[in-house]
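Novice: got a sequence here, can you model it:
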Amino acid sequence: KKDPELKTSFVVPFNILLDSILKGDSVNKLEMAEELLAAMENVGGTARPDVKSYNMIISALSRSSAKGSEQRAMDHLRSMLKAYRDGYEEARPDSFAFNCTISMLARSQQGEWADDVIYKTLKAMESQQKHNTNVKPDTITYNLVIGRLSQTYTKQNAKKVMNLLTSMEQKMESNEAIAPDIITYTAALRIQSKVDPLRAADIAASYVERATSNGDKFQVDRHGFQALLLALSKSSKLDHAMLALKIWSLMENSDRSKENVLDADLCNLVLIALSRTDDARAAVEALSFLSERIRRYNEGEKTMTLPTVVGFSAALASLGKANRIEDVFRLLKIMKVLGKDGAPNVQPDDGCYNSILIQLARSHANDEAMHALRVIQHMNEDLKQISTASLNSSINACSRTSQTASSAVKLKAVDIALQIFRLGKESKSCDAITYGLMVRTCIRLIEDDNRKLKLVKHMFKLCANSGLVGNMVMREIEPFKRKIIANDKVLAEWSINAKDC
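Specialist: So this is what the prediction gives:
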């Protein structure tokens, strides 16, 4: 009676020889091993390479620095899959072969080819899993593929990443081995934040919801925490901003807070997230978040994490957006006090003032011109100068006074714009955009045509004398062009200093 094991024994001596070659010192051992593998395939029958044969050669290639090793590994993986598909049970692939090949592709320098092949390899692994219990992709497998794809910011790669992440989330209830972790989400967030920021915020929210749903402590490293906050800070939804506040609080109360995970830059992201939304509640939350931190700092917690001027600017923007101008000035005063007390990088700068003015310009409120004047005067007093950007933002705020406001309110806005303009002249901060905005303010807000033309002519004359007649000025004066420019002749020296030509 024949030994039932006899039919599978012929591959064993070949594998022993293959193992010996790969463990040898020859510089050509990979080539020799591949020649032996080819010979085994030519012999055929039960001498054909089995899963152990293929795994040995793929493993050896994964340790090699030779160029094209990943392509060779893929060829062997395909040969193994074909042999198994053709009915050779001994070539039944396992997770090792797939994971080893995927690991090689994850660090490949072959660009688009590797991106395409690593995704297809994982999909082939998923397909094998349906009828082959030896193949079981896990979280690490998916993370390798998602990590690779997320390094190249293309819509195609972003779509593949989302396909894989969705698959993991759908299957994790029945298979905890492929549950996405913070590494998965960090990689997914990296590419989505570049391709589709709003979707990145949704991904971050999905992770936070899952990570906090079972009541365990919220534990992520600094890199993962930063990825979550970055994604949430690019959304305009209040829910996402509130989630940024929530995870900051969770991290602050976790063991990670003692490991210097939290810092000023991450604190800035919380306030930036709040500044993105138009909901007035964001200003309340930003002020509350800052007030608590400042209170504790003033009470002696000098290690309390405070934002830098970047985060304070975001909070000021939230307050400006909500038209809470008194809170704006109180916060500016607090920033100066904190700076004198030694808090690093919190002194108000041009960016702070400009962030307020930009939001005032968007409010279309009847009192925004007066608020803009107060901000610009405060800036002039505090910084001893007015930047061109802030000057233009303040005049723009005046120009955007509501069209439904009374004539008196509109004229008041024009007078304020002229006051701001004079401050700009004293600071030598006017540029071509400044004059364009002044002309726009006059045309939009002065109802009397004679007075309007007189002031526009005056502004154009000042602009031309300064060599700042740029494209914006020419566009704005178009309704009065023939009355302002004789014979429609624009002199070259009028635009010599304009940068928007």
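Novice: so what's Leu105 up against?
Specialist: Leu105 sits next to 70, 74, 114, 117-118, 121, 148 when contact means Cβ atoms under 8 Å, 6 or more residues apart in numbering. Placement of C-beta: from N, CA and C, glycine included.
Novice: so which of the residues you listed belong to helices?
Specialist: Judged by DSSP state H, the subset of these located in helices is 70, 74, 114, 117-118, 121, 148.
Novice: who wins for most neighbours among these?
Specialist: Counting neighbours by other Cβ atoms under 10 Å, the top entry in those is Ile118, with 27 neighbours.
Novice: which elements pack onto the lengthiest helix in the chain?
Specialist: Ranked by residue count and defined by DSSP H, the top helix of the chain is helix 407-426. Where contact means 3 or more Cβ pairs under 8 Å, 6 or more residues apart in numbering; DSSP states H and E, helix 407-426 is packed against helix 368-383, helix 388-399, helix 432-445.
Novice: now the first one against helix 432-445, angle please.
Specialist: It refers to helix 368-383. Taking axes from the mean of the first three to the mean of the last three Cα atoms, to 10 degrees, one finds helix 368-383 and helix 432-445 inclined to each other by 150 degrees.
Novice: quick one: buried residues of helix 368-383?
Specialist: Neighbour-count burial for helix 368-383 flags 368-376, 378-380, 382-383 (criterion: 16 or more other Cβ atoms under 10 Å).
Novice: give the buried residues for the helix or strand bottoming out on mean pLDDT in the chain.
Specialist: Ranking every helix and strand in the chain by mean pLDDT, DSSP states H and E puts helix 197-212 at the bottom, with a mean of 87. Within helix 197-212, the residues scored as buried using 16+ other Cβ under 10 Å are 197, 199-208, 211.
Novice: rebuild these as JSON lines, extending it with distance to Ala498.
Specialist: Formatted as JSON lines, these follow (distance: Cβ to Cβ, whole Å):
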{"residue": "Pro197", "distance to Ala498": "35"}
{"residue": "Arg199", "distance to Ala498": "41"}
{"residue": "Ala200", "distance to Ala498": "40"}
{"residue": "Ala201", "distance to Ala498": "40"}
{"residue": "Asp202", "distance to Ala498": "44"}
{"residue": "Ile203", "distance to Ala498": "45"}
{"residue": "Ala204", "distance to Ala498": "44"}
{"residue": "Ala205", "distance to Ala498": "46"}
{"residue": "Ser206", "distance to Ala498": "50"}
{"residue": "Tyr207", "distance to Ala498": "50"}
{"residue": "Val208", "distance to Ala498": "49"}
{"residue": "Ala211", "distance to Ala498": "54"}
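Novice: which one of these is nearest Ile247?
Specialist: Comparing these against Ile247 with Cβ to Cβ places Val208 closest, at 5.7 Å.
Novice: for that closest one, give its distance to Glu326.
Specialist: Distance, Val208 to Glu326, using Cβ to Cβ, to the nearest Å: 34 Å.
Novice: span of stretch 334-346 from start to end?
Specialist: Terminal residues of stretch 334-346 are spaced 9 Å apart (Cα to Cα, to the nearest Å).
Novice: what comes up buried for it?
Specialist: Here stretch 334-346 shows 334-335, 338, 343, 346 as buried, counting by 16+ other Cβ under 10 Å.
Novice: mind checking the pLDDT average for that stretch?
Specialist: Rounded to a whole number, the mean pLDDT of stretch 334-346 is 93.
Novice: what does that stretch rub up against?
Specialist: So stretch 334-346 is contacted by 264, 294, 297, 302, 306-309, 312, 347-348, 352, 382 (Cβ under 8 Å, 6+ apart).
Novice: farthest pair in these?
Specialist: The farthest-apart pair in the contacts of stretch 334-346, when distances are taken by Cβ to Cβ, is Lys302 and Asp382, at 25.0 Å.
Novice: still on that earlier bit, can I get the buried part of the contacts of stretch 334-346 as one ChimeraX selection?
Specialist: Buried residues among those (16+ other Cβ under 10 Å), as a ChimeraX selection:
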select :264,294,297,306,307,308,309,312,347,348,352,382
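Novice: is it true that Ala315 touches Ile272?
Specialist: No. Between Ala315 and Ile272 there is no contact under Cβ atoms under 8 Å: 9.3 Å.
Novice: of those two, who's got more company?
Specialist: Taking other Cβ under 10 Å, Ala315 and Ile272 do not tie; Ala315 has more neighbours (29 against 25).
Novice: show me what contacts that one?
Specialist: Here Ala315 is in contact with 271, 274-275, 286-287, 290, 307, 331 (Cβ under 8 Å, 6+ apart).
Novice: mind putting those residues into JSON lines with distance to Lys452 and secondary structure?
Specialist: Below are the contacts of Ala315 laid out as JSON lines (distance: Cβ to Cβ, whole Å; DSSP: H, G, I helix; E, B strand; the rest coil):
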{"residue": "Leu271", "distance to Lys452": "42", "secondary structure": "helix"}
{"residue": "Leu274", "distance to Lys452": "41", "secondary structure": "helix"}
{"residue": "Ser275", "distance to Lys452": "36", "secondary structure": "helix"}
{"residue": "Ala286", "distance to Lys452": "40", "secondary structure": "helix"}
{"residue": "Leu287", "distance to Lys452": "41", "secondary structure": "helix"}
{"residue": "Leu290", "distance to Lys452": "44", "secondary structure": "helix"}
{"residue": "Pro307", "distance to Lys452": "45", "secondary structure": "coil"}
{"residue": "Leu331", "distance to Lys452": "38", "secondary structure": "helix"}
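Novice: which of the residues you listed sits closest to His240?
Specialist: The shortest gap between His240 and any of those belongs to Leu274, at 9.8 Å (Cβ to Cβ).
Novice: for that closest one, give me its contacts.
Specialist: Going by Cβ under 8 Å, 6+ apart, the list of residues near Leu274 reads 241, 244-245, 282-283, 285-286, 289, 314-315, 318.
Novice: over to Val409?
Specialist: Residues near Val409 by Cβ under 8 Å, 6+ apart: 366, 401-402.
Novice: kindly recompute the last result at 7 Å.
Specialist: Applying Cβ atoms under 7 Å, 6 or more residues apart in numbering, we find Val409 in contact with 366, 401.
Novice: retrieve the pLDDT associated with it.
Specialist: Looking at Val409, its pLDDT is 94.
Novice: rewinding a little: do you know which of the helices and strands packed on helix 407-426 lies nearest Ile57?
Specialist: helix 388-399 (62.8 Å).
Novice: helices or strands next to the closest one in the packing?
Specialist: helix 350-363, helix 368-383, helix 407-426, helix 432-445 (3 or more Cβ pairs under 7 Å, 6 or more residues apart in numbering; DSSP states H and E).
Novice: where does Ile386 land in three-state SS?
Specialist: Three-state call for Ile386 (DSSP: H, G, I helix; E, B strand; the rest coil): coil.
Novice: give the contact list for it.
Specialist: Per Cβ under 7 Å, 6+ apart, neighbours of Ile386: 376, 379-380, 423-424, 427, 429.
Novice: count the neighbours of the closest residue in space to it that isn't next to it in sequence for me.
Specialist: Distances taken as Cβ to Cβ, 6 or more residues apart in numbering put Ser427 closest to Ile386, at 4.3 Å, once the chain neighbours are dropped. By the criterion of other Cβ under 10 Å, Ser427 has 19 neighbours.
Novice: got it, and Lys52?
Specialist: 17.
Novice: measure it to Leu61 for me?
Specialist: 15 Å.
Novice: likewise for Gln170?
Specialist: Distance from Gln170 to Leu61, by Cβ to Cβ: 33 Å.
Novice: coming back round to it: most neighbours among the contacts of Leu274, which one is it?
Specialist: Counting neighbours by other Cβ under 10 Å, Ser318 leads the contacts of Leu274 with 32 neighbours.
Novice: distance of that one relative to Arg324?
Specialist: Distance from Ser318 to Arg324, by Cβ to Cβ: 9 Å.
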